[in-house]
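Undergrad: Here is my input; please provide its structure:
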Amino acid sequence: MVAESNAAEAAEEKVNILIVDDRSDKLLGYEVVLAELNQNLVRATSGTAALRCLLKQDFAVILLDVNMPGMDGFETAALIRQRGRSETTPIIFISAVNDTENHVSRGYSLGAVDYILTPVVPEILRAKIAVFVDLFKKTEQIKRQAEERTRFLQEQAARAEAELRQEQLGFLAEASNVLAGSLEYQDTFENLARLVVPRLADLCVIHLIDAKTGLREVAAAHDEASGDTGIAKAAELLSSSDAAKQVASRVVETAKSDMLCEFKSAALSTLFDRTEDQQVMRELGACSLIAVPIRARERVLGSITMINTTPLRPCGPNELSLVEELAQRAALALENAGLYTAAQQARTEAERANLAKDQFLAMLSHESRTPLTPVLNSVLALEHEEELSAEGRASLEMIRRNVELEARLIDDLLDLTRISKGKVQLNREIVDGHSLLRTALEICQADVDQKHLDLTLNLGARDVQLQADPARLQQIFWNLIKNAVKFTPKGGRVMITTGNDESGAFRVEIADSGMGIDADSLPKIFNAFEQGERTRLGGLGLGLAITKALVERHKGSISAESAGRNQGAKFTVVLPLSRQKSGGKMSTAAPSFDNRQSMRILLVEDHEDTNRSLTNLLRRRGYAVQSANNVQSALDLAATEQFDVLVSDIGLPDGSGIDLMQTLHATHPLIGIALTGFGMEDDIQRSQKVGFEHHLVKPVDLNRLDALIQTAAQTRGATALPSAP
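TA: From the prediction side, this is the model:
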């Protein structure tokens, strides 16, 4: 209906008729004759004027006078024919000269459709002009219809192309989801092959380059849901041949796509060098093939090969472009899978290295601590000798102090591991900040005296009651004082000042006149293994990192100041006061118990010196001690005698103290105290899980061990026994 309406409108439109004559009276006469046609009549009084009219519009017919001054009708017609838009416009010559043979032949040679002599018969002229008007209208109508048809076909093609592109984008989006669905590339490409079939192809094979085996097939799929036995046989034939691998090898080597849309013999030979592979393609009934490289960052990782056995499947640039886009996304997924695998391997390696480090530190701790225990025990025993001279007693105190310092250095390594894992445990109690500060200073006093340092101690704080772990707080003070002494040259100054800040918190400042800290190192001074220029004086670079972590665990803060190299340094620690009130003071002496109980102790220790010294010291304190040096001898003793307490090393020659505790605890309850050089958090947790109530790290504090035994005795109400000899 729309086309018919457009045709009707075109038929009703007026067309242009050009009348060319140099006489105005004749122009008027022609207008009168042609007025009945009801069209647009355009007048021109010369050939030049006629040409100008033709530049502005098109005409259905031109009525052209032959005899005109200047440019006659024939010359005008010749120029009209030279213009592309008017070379087919009908021209009717009108002439008063009766030289028919010459004029008519010349007129027709210029493309005229008619030659009329004057006087003109009006009816004949109207009839002839009407024919060309009608012809022009029909021609224009046909042109419009052709244009409309062309536009319609173009719109249809554009719509179809848009729908196809939308479908392709949807497929690519679905493929991206499949590719991102797993970081295991085997599953990823199997899912991708199943997505390609049957959407894009009847058969799909994906190859990847393996560093060890070269090019190998990682996924293949065919349309199983169709029930087409021919496709199933084709898939079986393809998997049993090397044809697909040959195509993949070519694509991988050239890094260029291959497309074969017609499986003729000449075309097959361009893709397959071997006749057996060409024969496989023929037996498959293959109609088309597209193979593209999987390429990432100028490196070819593999290929995707698609084969169609259905003749109606499209094969062309659009399909090739789609598969190449799919291959790019597959390359990205493959890279992501590789990065994930590398990250997993790196993580596993890091965990393995971290575990090895922890095991090394644990073994280092055990092997370093074990020899210290008999030394410390012997010193403690000798210190109680009444006949000991003052000089000898001072020497023993020095030995004990340095053995304890050596144990603390070992603890620094373990503390770093605990801090990094967030496993530092604090045993809080009400403590006197000044008392702990003095104790820490006493440990460093020998070094202060040796370097003849000018030590100033100004304990100005009035509120010194803190809720803290006394051992850890003393460790904080000792680390800072030790650093000040260490980095101050002989004859220098060390100043220790305490006070309460505006909020009432306990504030400790430890300043020195030593080598100072340069501006670049100052922001990193609390990082592990960071000492800047101070490293040349030795040390692990762990003390300040551990100190900062311990201060923060006490909900305090620590800061460092220095004017620069050789300008000294000042460290400031601020700790919150305890909200609880306590009239007592922290005591480092051996705890006293009323009605001391003489417990029956089974001591298991494979280090001979430690076993002997610890047995003697415990017996001196009134305990009945039986000693063993391995698991079996301990079990033999336990089979003939009952014990209240098991004090056992963890690492034994023929087993573990953990196994021993489990075995003994199963027969009758007894107090378990692990005594070992293994002090990692995992070691403590393992010992507690099997029944050890306490875990003491070597070198053992005999007072601490005695206190634990007596506390357990009073809690359990053990029976007092006579002391062993």
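Undergrad: only C-alpha atoms for contact and neighbour calcs from this point on.
TA: OK.
Undergrad: Straight-line length of stretch 694-701, end to end?
TA: Criterion CA to CA, to the nearest Å; first-to-last residue distance in stretch 694-701 is 13 Å.
Undergrad: Could you chop the chain up by domain?
TA: Domain ranges of the chain: 2-146, 181-341, 425-575, 600-716, per automatic domain parsing.
Undergrad: any idea which of the ones you listed scores lowest on pLDDT?
TA: Here those differ in mean pLDDT, and the lowest is domain 181-341 at a mean of 79.
Undergrad: quick one on the thing from earlier: adding mean neighbour count and distance to residue 381, write the domains of the chain out as a markdown table.
TA: A markdown table is the format used below for the domains of the chain (neighbours: other CA atoms under 10 Å; distance: least, CA to CA, whole Å):
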| stretch | mean neighbour count | distance to residue 381 |
| --- | --- | --- |
| domain 2-146 | 16 | 120 |
| domain 181-341 | 18 | 60 |
| domain 425-575 | 18 | 20 |
| domain 600-716 | 19 | 7 |
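Undergrad: would you list these in TSV and tack on distance to residue 390?
TA: TSV is the format used below for those (distance: least, CA to CA, whole Å):
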stretch	distance to residue 390
domain 2-146	126
domain 181-341	68
domain 425-575	17
domain 600-716	22
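Undergrad: Quick check: which of those domains is nearest to residue 169?
TA: Residue 169 lies closest to domain 181-341 among the domains of the chain, at 9.0 Å (CA to CA).
Undergrad: which one of the domains of the chain lies closest to residue 388?
TA: Closest among the domains of the chain, using CA to CA: domain 600-716, at 17.6 Å.
Undergrad: Surely residue 451 and residue 489 touch.
TA: Yes. Applying CA atoms under 8 Å, one finds residue 451 in contact with residue 489, separated by 7.3 Å.
Undergrad: So residue 559 lies in a strand, does it not?
TA: Yes. Using DSSP: H, G, I helix; E, B strand; the rest coil, the assignment for residue 559 is a strand.
Undergrad: Surely it touches residue 552?
TA: No. Residue 559 is not in contact with residue 552 according to CA under 8 Å; the separation is 11.4 Å.
Undergrad: between those two, what contacts are shared?
TA: Common contacts of residue 559 and residue 552 (CA atoms under 8 Å, 6 or more residues apart in numbering): none found.
Undergrad: So for residue 387, which of the domains of the chain sits nearest?
TA: domain 600-716 (17.4 Å).
Undergrad: tell me which element residue 403 falls in.
TA: Residue 403 is located in helix 390-420, with elements delineated by DSSP states H and E.
Undergrad: should've said residue 81
TA: Taking DSSP H and E as the definition, residue 81 sits inside helix 73-82.
Undergrad: Ok, residue 307 next?
TA: Using DSSP H and E, residue 307 sits within strand 299-308.
Undergrad: how far off strand 299-308 does the helix or strand following that strand point, in degrees?
TA: Reading on from strand 299-308 to the C-terminus, the next helix or strand found by DSSP H and E is helix 317-369. Counting by axes from the mean of the first three to the mean of the last three CA atoms, to 10 degrees, helix 317-369 points 140 degrees away from the direction of strand 299-308.
Undergrad: what's the spacing between the spatially closest residue to residue 657 that is not a sequence neighbour and residue 705?
TA: Spatial nearest neighbour of residue 657, excluding adjacent residues (CA to CA, 6 or more residues apart in numbering): residue 650 at 4.2 Å. To residue 705, residue 650 is 16 Å away according to CA to CA.
Undergrad: cool, and residue 122?
TA: To residue 705, residue 122 is 143 Å away according to CA to CA.
Undergrad: And for residue 597, the neighbour number?
TA: For residue 597, the neighbour count with other CA atoms under 10 Å is 22.
Undergrad: OK, contacts around residue 519?
TA: residue 564.
Undergrad: can you tell me the helix or strand for it?
TA: Applying DSSP H and E as the criterion places residue 519 outside every helix and strand.
Undergrad: any idea how far residue 270 is from it?
TA: When residue 519 is compared with residue 270 (using CA to CA), they lie 72 Å apart.
Undergrad: hang on, the residue nearest to residue 657 packs against residue 674?
TA: Yes. Assessed by CA under 8 Å, residue 650 is found in contact with residue 674 at 6.8 Å.
Undergrad: what touches both of these two?
TA: With CA under 8 Å, 6+ apart as the test, residue 650 and residue 674 both reach residue 657.
Undergrad: contacting residues around the helix holding residue 81?
TA: With contacts defined as CA under 8 Å, 6+ apart, helix 73-82 is touched by 47-48, 50-51, 64-67, 86-88, 91, 93, 106-107, 110-111.
Undergrad: In strands only, show me the residues you listed.
TA: When the contacts of helix 73-82 are checked against strands (DSSP state E), the matches are 64, 65, 91, 93.
Undergrad: Much appreciated, bye for now.
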